[in-house]
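**Student:** Curious how this folds, go ahead:
(one chain, ligands or ions: 3)
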Amino acid sequence: MKVFKFGGASVKDAESVKNVSVVLGTQGFNSCLVVVSAMGKTTNALEKVVETYFVKGDFAAELEDLQQKHLAVAQDLFPSEHAVFSKIKLIFQETEAFLRRNKSPNYNFVYDQVVSCGELVSSVILSQYLNYIKFSNSWIDAREYIKTDHNYREANLDWERTKEHMSSLDRAQCYVTQGFIGADENNFTVTLGREGSDYSAAIFAFCLKTDSLTIWKDVPGVMTGDPRKFQNVELLDHISYEEAIEMAYYGASVIHPKTLQPLMQQQIPFYVKSFLEPTKAGTRVGSGVAPAVAQSFILKENQHLLRIATRDFSFIAEEHLSQIFSLLAKYKVKISLMQNSAISLDLCVDDLYNGIESLLSDLAKDFQTELTREVSLFTIRNANLDELNNLYNGREILLEQVAKRTVQAVLK
Ligand code: ADP
Ligand code: ASP
Ligand code: MG
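**Tutor:** Ligands and ions are numbered 1, 2, ... in the order given. Purely as a prediction, here's the structure:
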């Protein structure tokens, strides 16, 4: 069995959905599990629905707009009497009914119940379309297999329960399912973190011990830098799991950082390929590869630099650190880079869950803080140290760290 994952860009409209069937045709459509994300920018639009619901209470127009967009995609793919239309409507009706009934003030809980509808509806469209063109498959609900805790918006996997539930799947069949979503102990929907569909695919690959996982992207594979941000980048044909883990960890957004560990544990070959050129080799991630020598670049944007010092300028000691780290965990503010000096702790952080204001006000009780918003974290792997100043391109360097040949700089 093989696992194929298609992200938002690969199913953004009807033509793209048709292209998925072309891609699958090149691979031979048998014994496979297809994991699909929400179409295009649907997740962002659903995040707005949740925001509108909490701020204004009225969300119906935004949800209806999304329903119409999905129905329009389906109109280009299916005859008008096809069952897909009522399935799409049902998913939106259920989402709307949830919001009308909901009494929970828990933003993250509500978020997961609503935002998950993007993956449900895209997977229904894809599964039905593949069946319609005689690529027969069964649609399965990922929430029956991916079992987690109830850390909404970034749920942690319960591997034992997940493996147990997946053991009922038949490795000879073809399935279509959702990325990004799962269910907690009480069967409420959870999500695994933004861009988490790559991770879902790796979870299925791991538990089903599949022969491979391929994620289909709008780039030729993993490159020495994001082609949208850097010129003259090259395709990496073959890289080790460790190399891919590090690139993803530093912020190479082509692979979700949690994807690699499960694959490495089971030594499952992992491919990153282009859905535009499906017969090209792309990048193979696996074992037995010499460490990469090519200089590569990763730019992580929308970061913030937080400087924390004690009020009396005494040293930051262990008790301070543990207090600071538990507040970071509480507000889900993620550290991308840290450095401490005699009297301050500098943290480059990612504020994905808008926790930074609450963090600052809690920290202010005991510490002095200084925040520089909107900085970038620039990582250069296998860096040519003589060239650094050219690479910084005149930008102000707020912090720099060198470990072996990996250079990281926080730039304004
Ligand atoms: P998906 O459709 O699965 O959500 P993403 O948009 O998340 O795909 O990931 C693909 C994007 O990753 C590319 O369009 C590219 O801009 C970006 N990217 C970042 N770093 C790299 C890299 N090193 N190599 C290739 N692409 C990269
Ligand atoms: N649809 C989700 C997101 O946009 C998950 C994913 O695409 O991987 O974050
Ligand atoms: Mg994505």
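
**Student:** now residue 20: how far from residue 222?
**Tutor:** 21 Å (Cβ to Cβ, to the nearest Å). (Each C-beta comes from the backbone N, C-alpha and C, glycine too.)

**Student:** now residue 121
**Tutor:** Distance from residue 121 to residue 222, by Cβ to Cβ: 30 Å.

**Student:** With neighbour numbers in mind, choose between the two.
**Tutor:** residue 121 (29 against 25; other Cβ atoms under 10 Å).

**Student:** by contact count, what packs against the helix or strand harbouring that one?
**Tutor:** Element membership of residue 121 [criterion: DSSP states H and E] is helix 117-132. Applying 3 or more Cβ pairs under 8 Å, 6 or more residues apart in numbering; DSSP states H and E, we find helix 117-132 packed against helix 14-27, strand 32-36, helix 42-55, helix 60-75, helix 84-101, strand 138-139, strand 174-178.

**Student:** And the fourth one, what's buried?
**Tutor:** By neighbour count with 16 or more other Cβ atoms under 10 Å, helix 60-75 contains the buried residues 62-63, 66-67, 69-71, 73-74.

**Student:** For ligand 3, what's its nearest residue on the stretch 101-250 of the chain.
**Tutor:** residue 195 (4.6 Å; Cβ to the ion).

**Student:** Tell me how many other residues crowd that residue.
**Tutor:** Residue 195: 19 neighbours (other Cβ under 10 Å).

**Student:** so it, which of the three states?
**Tutor:** Of the three states, residue 195 takes coil under DSSP: H, G, I helix; E, B strand; the rest coil.

**Student:** pull the CA atoms of stretch 55-64 into PDB?
**Tutor:** This file holds the C-alpha atoms of stretch 55-64, laid out as PDB (Å, rounded to 0.1, in the frame of the first residue of the first chain):
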ATOM      1  CA  VAL A  55     -16.800  38.800  17.400                       C
ATOM      2  CA  LYS A  56     -20.200  39.500  15.800                       C
ATOM      3  CA  GLY A  57     -22.200  36.400  16.300                       C
ATOM      4  CA  ASP A  58     -23.300  36.400  12.700                       C
ATOM      5  CA  PHE A  59     -21.400  34.000  10.400                       C
ATOM      6  CA  ALA A  60     -24.100  32.800   8.000                       C
ATOM      7  CA  ALA A  61     -23.000  34.800   5.000                       C
ATOM      8  CA  GLU A  62     -19.400  33.800   5.100                       C
ATOM      9  CA  LEU A  63     -20.300  30.100   5.500                       C
ATOM     10  CA  GLU A  64     -22.800  30.300   2.700                       C
END
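
**Student:** how much space between residue 113 and ligand 1?
**Tutor:** Distance of residue 113 to ligand 1, given as Cβ to the nearest ligand atom, to the nearest Å: 22 Å.

**Student:** Wait, a strand at that residue?
**Tutor:** No. Assessed with three-state DSSP, residue 113 is helix; it does not lie in a strand.

**Student:** just checking, it touches residue 190?
**Tutor:** No. Counting by Cβ atoms under 8 Å, residue 113 stays clear of residue 190, with 9.3 Å between them.

**Student:** who's more crowded, these two?
**Tutor:** Ranked by neighbour count (other Cβ under 10 Å), residue 113 and residue 190 place residue 190 first, with 28 against 20.
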